[in-house]
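Participant: Fold the following and give me the result.
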Amino acid sequence: MTARIGVVTFPGSLDDGDAARAARLAGAEVVRLWHGDPDLHQVDAVVLPGGFSYGDYLRCGAIARFAPVMESLIAAAHEGMPVLGICNGFQILCEAHLLPGALTRNEHLHFRNRDQWLRIEAVKTAWTNTFQPEQDVLIPVKNGEGRYVADRYVLDQLEAEGRVVARYQRGNPNGSERDIAAITNEAGNVVGIMPHPEHAVEALTGPSLDGLGFFTSVLKHLAGVPA
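Facilitator: Next comes the predicted model:
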């Protein structure tokens, strides 16, 4: 049976279509989810896409965290459903306390949009199990508030528990603490990533095909294939 991946659309989402296309290319059946509908429609995994949910008022992701769909998603994530938050989706996951820390204004106060090298460090998550340890991937980054911050205790805990999923290589585009580009929760089913893997899935439009691995990984996970 084909896995069903839900992609949430909030007011202000702009990468939901790209995330849906990436999931289809990986081989999933895509289910479009609406922010105002708490029903997850029996999906097997969920992607929170990039964009500017609710105009990024208050803080990025601060209003989206209270959308009706999020109540169901938070409960499902605690029960083990794979959830991937990309850029604004990462911000929402932190606001919802599914992931620790916060995403703040870029250290240099400028928006950054460029192809960015990352090193994948955690390869046993639901979203990264098709990668090799220490594999370098090229994925676009585009953010104005992408600087990951947390107190030293949280940062040390993430390091000690192997929950830093990816780090920036060949330059840090936003000043993130310890070059962190992506993290996971303790169970490994929830991942937040600031760069955009959904924009690196086709040779015609992306700098690489490296982003497709995030979507094929979750299909492998859902199929019960060991990482």
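
Participant: who touches residue 53 in this structure?
Facilitator: By Cβ atoms under 8 Å, 6 or more residues apart in numbering, the residues touching residue 53 are 10, 11, 12, 13, 35, 60, 61, 63, 64, 88, 92. Using the backbone N, CA and C atoms, a C-beta is placed for each residue, glycine as well.

Participant: er, residue 138 actually
Facilitator: 115, 116, 117, 118, 200, 207, 208, 210 are the contacts of residue 138 under Cβ under 8 Å, 6+ apart.

Participant: Give me the spatial nearest neighbour of it, chain neighbours excluded.
Facilitator: Closest residue to residue 138 apart from its sequence neighbours, by Cβ to Cβ, 6 or more residues apart in numbering: residue 208 at 4.3 Å.

Participant: pLDDT score assigned to that neighbour?
Facilitator: Note for residue 208: predicted pLDDT of 97.

Participant: Could you do residue 55 as well?
Facilitator: 89.

Participant: close enough to count as contact, it and residue 13?
Facilitator: No - with contacts counted by Cβ atoms under 8 Å, residue 55 stays clear of residue 13, the gap being 11.2 Å.

Participant: Of those two, give the one with the bigger neighbour count.
Facilitator: Shown here are residue 55 and residue 13; by other Cβ atoms under 10 Å, residue 13 has more neighbours (22 against 12).

Participant: State the distance from the more buried one to residue 118.
Facilitator: Separation of residue 13 from residue 118 (Cβ to Cβ, to the nearest Å): 23 Å.

Participant: Kindly report the same for residue 27.
Facilitator: 23 Å.

Participant: higher neighbour count, these two?
Facilitator: Remark: of residue 27 and residue 118, residue 118 carries more neighbours, 25 against 12, as counted by other Cβ under 10 Å.

Participant: name the element that one belongs to?
Facilitator: Assigned by DSSP states H and E, residue 118 belongs to strand 112-120.
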